[in-house]
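Trainee: pasting the structure only:
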């Protein structure tokens, strides 16, 4: 469904992604794990056209998207929950959700989706008129995921949704991701440092080091892999 | 007391004009952190287009209000085109350049537009026809506030309300707010940021041109240089109110206009600029981010 072929991305003269290739099939949860600065976030920003690749190709449902503008890529159904949540701080919870529907024209369906989000995260319904910048980290993460769902994504790209959150909230967020994948049939590409949790949730995984994909396998096998255990699972 | 009211009325008129121009500065700054030094020139070009159109319309037998409205409309369309083109050729290619580059480009465009009008038109002051009609109902208080003053106050207020509604409720307004708060995230929800930036320049230029037409008709003369001082004053107003903040720009403009009027009336008109910039210095010492310039509190 989503395919990266030998993608190179640069920041000025610095190469952040070195010929990476990733395949994601419809309905899967695929995770990308790796240390800080490995290039995980860059991978997502490259897919979304924010930092377009210098070389290589990206295909989404057969269409090349590596030269497309970000808004066109989003319109095709590739929607990202970026690192650090990036809630619009001066907009209310409801307005943040409405921004997620920016490209949609089906007004009548939007209310249903907002209700669905409030159903997933009841706390957001309580805080609907509160400014996004005043929410706690966990609430912001819930809002960020909900805002992405408002766009009715075909593939949901999540960048470290567990970052800086309490273990209980992380568990809740991961359960919701599973639920979205099962109920909405949304394909999920999950970038995580929390390798243990991510691999338990995912079907398959990629391991990234210094801008390269060094390992790929089913999530189960990666959890048993000695190298992964030592480097990422702290076992 | 009457003298005070007269000064207040004149101060509010100035402030209303400054507000129309200051909004363009503050909106552009809010979105791309650029001081668009060529913005005053858009105001000047708006006045020139209105002057030329009103001359043509007079020849064809139009009169009074119909000229004002038609000339105003055409001036606004021209200014919008100038604002759009300005951004496209002078700022867009420098989007990812160091911040100083677009600033220099802005100063260059300001000089270019001034000299272009100087060459294409004339260095002399041109008489601008009084297009605003005299309303009878203003007769009793005409010594405090006449019809032109009323028209300026009302037009400026209506424009500001229009802008507020646009930003609060329309699709493009929401896109503008999102882009201002987080440009990358705005792109990730599907906002075409280039279009938003173009639209911001267009809206700012429209407001400036409205100001240009009103001032031309009010003062009665214009030349190629009027954009410079108006631009500096409006920029001061924007900074006074907190640059990037829309209500702040309006408040700053009104404070500035009233300060000038009172300084000119009670002290000496020679000192009005001293007081105008004196207030700026004072406020920047007491509130460095301007009157309303305050970042939204954000938890991490």
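Mentor: Done, it's in. Fair warning: this is a prediction, and the values are worked out from it, not measured in the lab.
Trainee: Report pLDDT for residue B:295.
Mentor: pLDDT for residue B:295: 54.
Trainee: How about residue B:300?
Mentor: 48.
Trainee: So which elements touch the lengthiest helix in chain A?
Mentor: For chain A, the longest helix by residue count, based on DSSP state H, is helix A:167-183. Contact partners of helix A:167-183 among helices and strands, from 3 or more Cβ pairs under 8 Å, 6 or more residues apart in numbering or on different chains; DSSP states H and E: strand A:29-34, helix A:107-120, helix A:137-149, strand A:155-159, strand A:187-192, helix A:195-201. Bear in mind the C-beta positions are built from the backbone N, C-alpha and C, glycine included.
Trainee: How about residues contacting that helix?
Mentor: Contact with helix A:167-183 is made by A:27, A:29, A:120-121, A:138, A:141-142, A:145, A:149, A:156, A:158, A:161-162, A:165, A:186-188, A:190, A:194, A:197, A:201, as judged by Cβ atoms under 8 Å, 6 or more residues apart in numbering or on different chains.
Trainee: and what of stretch B:243-254?
Mentor: Looking at what lies outside stretch B:243-254 - Cβ under 8 Å, 6+ apart - the contacts are B:11-12, B:15-19, B:22-23, B:25-27, B:29-30, B:160, B:163-164, B:167, B:180, B:234, B:236-242, B:290-294.
Trainee: before we move on, back to that, what is the mean pLDDT for the longest helix of chain A?
Mentor: For helix A:167-183, the per-residue pLDDT averages 92.
Trainee: what's the answer for stretch A:197-214, then?
Mentor: pLDDT averaged over stretch A:197-214 gives 93.
Trainee: in it, what's buried?
Mentor: By 16 or more other Cβ atoms under 10 Å in any protein chain shown, the buried positions in stretch A:197-214 come out as A:197-199, A:201-208, A:211, A:213.
Trainee: Compute the distance from the centre of it to the centre of its chain.
Mentor: Centroid separation between stretch A:197-214 and its chain, computed with Cα atoms, centre = their mean, to the nearest Å, is 13 Å.
Trainee: Which other helices and strands does the helix or strand containing residue B:46 contact?
Mentor: With elements taken from DSSP states H and E, the one containing residue B:46 is helix B:39-59. Using 3+ Cβ pairs under 8 Å, 6+ apart, the elements in contact with helix B:39-59 are helix B:2-32, helix B:64-86, helix B:100-120, helix B:193-219, strand B:221-222, helix B:226-241.
Trainee: Mind doing that once more with 10 Å?
Mentor: Secondary-structure packing of helix B:39-59 (3 or more Cβ pairs under 10 Å, 6 or more residues apart in numbering or on different chains; DSSP states H and E): helix B:2-32, helix B:64-86, helix B:100-120, strand B:126-127, helix B:193-219, strand B:221-222, helix B:226-241.
Trainee: Mean pLDDT, mean neighbour count and distance to chain A for those - can I get that in JSON lines?
Mentor: Converted to JSON lines, these look like this (pLDDT from 0 to 100; neighbours: other Cβ atoms under 10 Å in any protein chain shown; distance: least, Cβ to the nearest Cβ, whole Å):
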{"stretch": "helix B:2-32", "mean pLDDT": "94", "mean neighbour count": "23", "distance to chain A": "11"}
{"stretch": "helix B:64-86", "mean pLDDT": "94", "mean neighbour count": "19", "distance to chain A": "19"}
{"stretch": "helix B:100-120", "mean pLDDT": "95", "mean neighbour count": "16", "distance to chain A": "16"}
{"stretch": "strand B:126-127", "mean pLDDT": "92", "mean neighbour count": "14", "distance to chain A": "44"}
{"stretch": "helix B:193-219", "mean pLDDT": "96", "mean neighbour count": "24", "distance to chain A": "8"}
{"stretch": "strand B:221-222", "mean pLDDT": "94", "mean neighbour count": "18", "distance to chain A": "39"}
{"stretch": "helix B:226-241", "mean pLDDT": "94", "mean neighbour count": "25", "distance to chain A": "17"}
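Trainee: mind putting those in a markdown table, distance to residue B:285 included?
Mentor: Listed next are the helices and strands packed on helix B:39-59 as a markdown table, based on distance: least, Cβ to Cβ, whole Å:
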| stretch | distance to residue B:285 |
| --- | --- |
| helix B:2-32 | 21 |
| helix B:64-86 | 34 |
| helix B:100-120 | 24 |
| strand B:126-127 | 41 |
| helix B:193-219 | 29 |
| strand B:221-222 | 35 |
| helix B:226-241 | 12 |
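Trainee: nearest to residue A:106, of those?
Mentor: Among the helices and strands packed on helix B:39-59, the nearest to residue A:106 by Cβ to Cβ is helix B:193-219 (21.8 Å).
Trainee: Compute the inter-axis angle for that closest one and helix B:39-59.
Mentor: 60 degrees (axes from the mean of the first three to the mean of the last three Cα atoms, to 10 degrees).
Trainee: now helix B:193-219 against helix B:226-241, angle please.
Mentor: Using the same axes, to 10 degrees: helix B:193-219 against helix B:226-241 is 110 degrees.
Trainee: and helix B:193-219, how far from the chain's centre?
Mentor: That offset, for helix B:193-219, works out to 7 Å (Cα atoms, centre = their mean).
Trainee: Ok, stretch B:66-74 next?
Mentor: On Cα atoms, centre = their mean, the centre of stretch B:66-74 falls 18 Å from that of its chain.
Trainee: ok, residues contacting it?
Mentor: B:46-47, B:49-58, B:60, B:62, B:129-133, B:151, B:155, B:209-210, B:212-214, B:216-217 (Cβ atoms under 10 Å, 6 or more residues apart in numbering or on different chains).
Trainee: change it to 8 Å
Mentor: B:49-51, B:53-54, B:57-58, B:62, B:129, B:131-132, B:209-210, B:213, B:217.
Trainee: Equivalent analysis for stretch A:100-112, please.
Mentor: Counting by Cβ under 8 Å, 6+ apart, A:71, A:74-75, A:98, A:113, A:146-152, B:171, B:174-175, B:178, B:189-191 sit against stretch A:100-112.
Trainee: Please repeat the previous calculation with a cut-off of 7 Å.
Mentor: Contacts to stretch A:100-112, defined as Cβ atoms under 7 Å, 6 or more residues apart in numbering or on different chains, come from residues A:74-75, A:147-148, A:150-151, B:189-191.
Trainee: What is the end-to-end distance of it?
Mentor: 14 Å (Cα to Cα, to the nearest Å).
Trainee: so how far is it from its chain's centroid?
Mentor: 21 Å.
Trainee: Stretch B:27-43 too?
Mentor: With Cα atoms, centre = their mean, you get 10 Å for stretch B:27-43.
Trainee: Quick one: residues contacting the residue positioned nearest the centre of chain A.
Mentor: Nearest to the mean C-alpha position of chain A, by Cα atoms, centre = their mean, lies residue A:158 at 1.4 Å. Contact partners of residue A:158, counting by Cβ under 7 Å, 6+ apart, are A:81, A:177, A:188, A:190-191.
Trainee: Just give me the closest of these to residue B:76.
Mentor: Closest to residue B:76, out of all of those and judged by Cβ to Cβ, is residue A:81, at 41.4 Å.
Trainee: What confidence value was assigned to the closest one?
Mentor: 96.
Trainee: Which positions in chain A make contact with chain B?
Mentor: A:48, A:50, A:70-71, A:74-75, A:80, A:82, A:86, A:88-91, A:99-100, A:102-103, A:131, A:133-134, A:136, A:151 (Cβ under 7 Å from any Cβ of the partner chain).
Trainee: same thing but at 6 Å, please
Mentor: A:70-71, A:74-75, A:80, A:86, A:88-90, A:99-100, A:102-103, A:133 (Cβ under 6 Å from any Cβ of the partner chain).
Trainee: Find the residue closest to residue 218 in space, skipping its chain neighbours.
Mentor: You didn't say which chain, so I picked chain A. For residue A:218, ignoring the flanking residues on the chain, the nearest one in space by Cβ to Cβ, 6 or more residues apart in numbering or on different chains is residue A:204 at 5.4 Å.
Trainee: try again with chain B
Mentor: Residue B:218 sits nearest to residue B:148 (Cβ to Cβ, 6+ apart), 5.1 Å away.
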